[in-house]
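>>> Sequence first, predicted model second:
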Amino acid sequence: MEKLEELRREAKTFFGNVDPSHDWLHVKRVLKLSEEIAEKEDVDRKIVRSAVLLHDIGRKREDNGEIDDHAEWGAEKAEEILRKMNFNQDKIREIKHCINPQRLNRTRA
């Protein structure tokens, strides 16, 4: 759980002065809902929680016109963050897919 708390602190840094519809409270709401769903499903909860914490880290940059796609940018930034935290490469791949599922579909086409 220590890694998850470190990830939570890191993710929260991306949510200063953002649109209220996608602020840190949004992430907390999504996390609560995802945990309720995860209780009923056969999923890796660490992947789900990590993806939820990171899923909108690029939203502010997209809203400010700095990037075109917050999910695409966010998945790549998530990989950078997760690597620094020594997450397993397979888990990183799954978390990125949760953040930007279209990414895998584009690389297969």
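Structure's in. What do you need? Predicted model, so just to flag it, every value in this text is computed and none were measured. Numbers count the residues shown, from 1 in each chain.

>>> Please report phi then psi for residue 32.
Per-residue torsions, residue 32: phi -60, psi -50 (degrees, to the nearest 10).

>>> ok, now residue 17?
Backbone torsions of residue 17, given as degrees, to the nearest 10, read phi 50, psi 60.

>>> now do residue 99
Backbone torsions of residue 99, given as degrees, to the nearest 10, read phi -70, psi -40.

>>> hang on, it packs against residue 73?
No. Using C-beta atoms under 8 Å, residue 99 is not in contact with residue 73, being 9.7 Å away. To be clear about C-beta, it is placed using only N, CA and C from the backbone, and glycine gets the same treatment.

>>> Compare those two and say which is more crowded by neighbours.
Using other C-beta atoms under 10 Å as the criterion, residue 99 and residue 73 rank with residue 99 on top: 26 against 19.

>>> Can you tell me, leaving aside adjacent residues, what's nearest to the more buried one?
Nearest residue to residue 99 in three dimensions, chain neighbours excluded: residue 75, at 4.4 Å (C-beta to C-beta, 6 or more residues apart in numbering).

>>> So for stretch 53-68, first residue to last residue, what's the gap.
End-to-end distance for stretch 53-68: 21 Å, by C-alpha to C-alpha, to the nearest Å.

>>> show me the contacts for residue 85.
Neighbouring residues of residue 85 by C-beta atoms under 8 Å, 6 or more residues apart in numbering: 3, 6, 7, 10.

>>> any idea which helix or strand carries the last one?
What that stands for is residue 10. According to DSSP states H and E, residue 10 maps onto helix 2-12.

>>> Tell me which residues of that helix come out buried.
Within helix 2-12, the residues that count as buried by 16 or more other C-beta atoms under 10 Å are 7, 8, 10, 11.

>>> just stretch 53-63 next, same as before
53, 54, 55, 56, 57, 58, 59, 60, 61, 62.
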